[in-house]
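Colleague: Structure of the sequence below:
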Amino acid sequence: MLEVVDLTKHYGDVHAVDGVTFTARPGVVTGFLGPNGAGKTTTMRMILGLDRPTSGSIRVNGRSYLKSATPLHELGALLDAKAVDKGRSARNHLLAIGATVGVGRTRVDQVLELVGLSDVARRSAGSYSLGMGQRLGIAAALLADPAVVMLDEPVNGLDPDGIRWIRNLLKWLAEEGRTVFISSHLMSEMEQTAEHLIVIGRGRVLADLSMTAFIGQASTKKVRVTSPDGLRLRDHLLGPGITVTSLTADRFEVTGIPAAEIGTIAAREGFTLHELAPVEASLEQAFMELTKDSIDFRGGSRADTDSQEPTHGEAA
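Modeller: So this is what the prediction gives:
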């Protein structure tokens, strides 16, 4: 279990983290979300003892992580996959880490197999692609078989097969009873992986609830309707508290009336329906709505609609 209580970090007048409190529980994949500059990285660095809190407390499995005699057995983390001696082979990198915590060759070979690097384990880490380096960082996080796993951007650089692999790995770790705490900007993947969410903005907790409840809060109860009789059907739906928004001549969205009632009206009046579906909110929509006032770095309208960030695939 990972417990953070009233965690605060000030840099002069800047409150990078301001009274953050949350608990990540065993058996659950907990997602950690926030806009750039929200305080996510600072929070994770304080959890690991890399930054000293101004105030507040952190407990890993009920104890102070910094005072643990076997910290890597308590919490395994990946914050920066590039933090590795690039001249060493992946296997020697893991053996060096293992030597500090009493983990030997057998376990090193196990995690190399787990992350899919066995065949390239004797290659230098500096020759690895971005995705392969990410797998090595995950192997290091899991090396000492920790009860808590904390990963920052675990899918960074992974190809589609690698993304599916890490999704299944995280769920498997949680099913084993571990506490799994992940931070990512890839909303579609977080939506498929995390069961609980901690969302922060400007250093403060904005939400601490299940994925289902978080997305449900953003639902607008819209119903999408497609019908060749769209114009006439719209006239039969309009009324107090009901809003109809046209998308095309035969396609529109309705709020204020459930899908079943729309279907009943269409059947009664003899109108043909090609589509009648509730419009479900997504994690991205819910996140953007919650954090719209907490974004420090915002692009213009062209950046929002036209730009597309490059992706990095894996190479063997």
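Colleague: Now the helix or strand where Gly162 lies: buried residues?
Modeller: Gly162 is part of helix 160-175, with elements assigned from DSSP states H and E. Neighbour counts over helix 160-175 (16 or more other CB atoms under 10 Å) mark 162-163, 165-167, 169-171, 173-174 as buried. Heads up, the C-betas are built off the backbone N, CA and C, glycines and all.
Colleague: got it, and stretch 89-98?
Modeller: So stretch 89-98, judged by 16+ other CB under 10 Å, has buried residues 89-95, 97-98.
Colleague: one step back: which outside residues touch the helix holding Gly162?
Modeller: 26-29, 114, 116, 131, 134-135, 138, 149, 151, 154-155, 158, 180, 182, 189, 192-193, 195, 314 (CB atoms under 8 Å, 6 or more residues apart in numbering).
Colleague: And for stretch 251-266?
Modeller: Taking CB under 8 Å, 6+ apart as the rule, stretch 251-266 contacts 220-227, 229-230, 233-234, 236-237, 239, 241-247, 271-273, 275-279.
Colleague: got the buried residues for it?
Modeller: Quick answer for stretch 251-266 (16+ other CB under 10 Å): 252, 254, 257, 259, 262, 266.
Colleague: cool, stretch 171-191 as well?
Modeller: 171, 173-174, 178-187, 189-191.
Colleague: what is the mean pLDDT for that stretch?
Modeller: The average pLDDT within stretch 171-191 is 92.
Colleague: End to end on it, go ahead and measure it.
Modeller: With CA to CA, to the nearest Å as the measure, stretch 171-191 spans 13 Å from end to end.
Colleague: now it, how far from the chain's geometric center?
Modeller: 7 Å (CA atoms, centre = their mean, to the nearest Å).
Colleague: One more: stretch 170-179?
Modeller: 15 Å.
Colleague: Start from the N-terminal end of the stretch 151-300 of the chain and give the helices.
Modeller: 160-175, 187-193, 211-217, 230-237, 259-269, 283-291 (DSSP state H, counting those that start in this stretch).
Colleague: So for His10, which of those sits nearest?
Modeller: Among the helices of the stretch 151-300 of the chain, helix 283-291 comes nearest to His10, with 21.8 Å by CB to CB.
Colleague: got a list of contacts for the closest one?
Modeller: By CB under 8 Å, 6+ apart, helix 283-291 touches 33-35, 38, 187-188, 190-191, 199, 201, 206-207, 211, 214-215, 217-218.
Colleague: Please pick the buried ones from the residues you listed.
Modeller: Going by neighbour count (16+ other CB under 10 Å), the contacts of helix 283-291 have 33-35, 38, 187, 190-191, 199, 201, 206-207, 211, 214-215, 218 buried.
Colleague: that older thread, any chance of the buried residues of stretch 251-266 in CSV, with distance to Gly12 and pLDDT too?
Modeller: As requested, the buried residues of stretch 251-266 are exported to CSV (distance: CB to CB, whole Å; pLDDT from 0 to 100):
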residue, distance to Gly12, pLDDT
Phe252, 53, 90
Val254, 52, 90
Ile257, 54, 89
Ala259, 54, 90
Ile262, 57, 93
Ala266, 62, 94
